[in-house]
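*Asks:* sequence and predicted structure, then a few things I'm wondering about:
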Amino acid sequence: MKDIILKTLDASIAVKTEFFKNNGHLIIQCAECIVQCLTSGHKLLIFGNGGSAADAQHMAAEFVNRFEIDRTPLSAIALTTDSSILTSIGNDFSFDDVFKKQIDALGKKDDIALGISTSGNSKNVVTALGRAREKGLATIGLTGKNGGQMVAECDHLMCVATGSTARIQETHITVIHVLCDLVDRLLFPERF
């Protein structure tokens with residue numbers, strides 16, 4: 001059991017190390033894009049399924065409440081939290097539309113749509129990113145494997161190039177925390 005624990009830890013560290021070495025410039029671009037969005041009075045719309053839904057909610061909470069410093073709340077909404085909206089769209093139309101319809105309702109030009117999918121092929125995430133682009137929102141993707149269909153729908157795509165969903169998700173939450181930290185440092189430099 002101890003060997004399994006240590007092998008899992010080593011694998012997680014190796015995937016994260018490789019990702020951050022190869023994608024630091026993309027993380028900086030995304031942080032700058034988020035700062036530009038927020039300082040111009042726009043908002044971040046975040047979405048995904050399953051563990052990625054949890055990551056979307058986690059990220060929105062870090063922006064609206066706080067990450068590591070007390071500061072003004074930042075405008076972020078997780079599109080994964082309203083069970084009435086999700087189930088009514090899923091029932092009346094299709095589960096594939098649950099995020100797209102919310103982008104239609106809430107998304108405005110120059111907002112950011114941030115989709116999270118470990119495979120890059122979650123139809124409702126890909127569809128929502130496509131709609132966001134049509135409406136003039138910037139699109140950011142957090143994905144894994146080879147990026148899947150999200151590659152074609154994202155202005156900025158951060159892809160964790162491994163086949164392990166667990167390692168992808170572990171890297172995604174670290175990326176989210178790094179983005180939160182960078183955004184805070186760019187927006188509130190006097191607090192550091």
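*Replies:* Looks like it came in fine.
*Asks:* go through the longest helix seen in the chain and flag the buried ones.
*Replies:* Counting residues, the longest helix in the chain under DSSP state H turns out to be helix 2-39. Neighbour-count burial for helix 2-39 flags 12, 15-16, 19, 23, 26-27, 30-31, 33-35, 37-38 (criterion: 16 or more other C-beta atoms under 10 Å). Where you see a C-beta, it was placed from the backbone N, CA and C, and this is true even at glycine.
*Asks:* who's in contact with residue 182?
*Replies:* Residues in contact with residue 182 (C-beta atoms under 8 Å, 6 or more residues apart in numbering) are 27-28, 31.
*Asks:* any idea how far it lies from residue 25?
*Replies:* According to C-beta to C-beta, to the nearest Å, residue 182 stands 12 Å off from residue 25.
*Asks:* try residue 65
*Replies:* Distance, residue 65 to residue 25, by C-beta to C-beta: 29 Å.
*Asks:* just checking, residue 29 touches residue 156?
*Replies:* Yes: counting by C-beta atoms under 8 Å, residue 29 touches residue 156, with 5.7 Å between them.
*Asks:* give me every residue that touches residue 142.
*Replies:* The neighbourhood of residue 142, defined by C-beta under 8 Å, 6+ apart, consists of 48, 52, 55, 114-117, 158, 172, 175-176.
*Asks:* make a markdown table out of those and add pLDDT.
*Replies:* Formatted as a markdown table, these follow (pLDDT from 0 to 100):
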| residue | pLDDT |
| --- | --- |
| 48 | 98 |
| 52 | 98 |
| 55 | 98 |
| 114 | 99 |
| 115 | 98 |
| 116 | 98 |
| 117 | 98 |
| 158 | 98 |
| 172 | 98 |
| 175 | 98 |
| 176 | 98 |
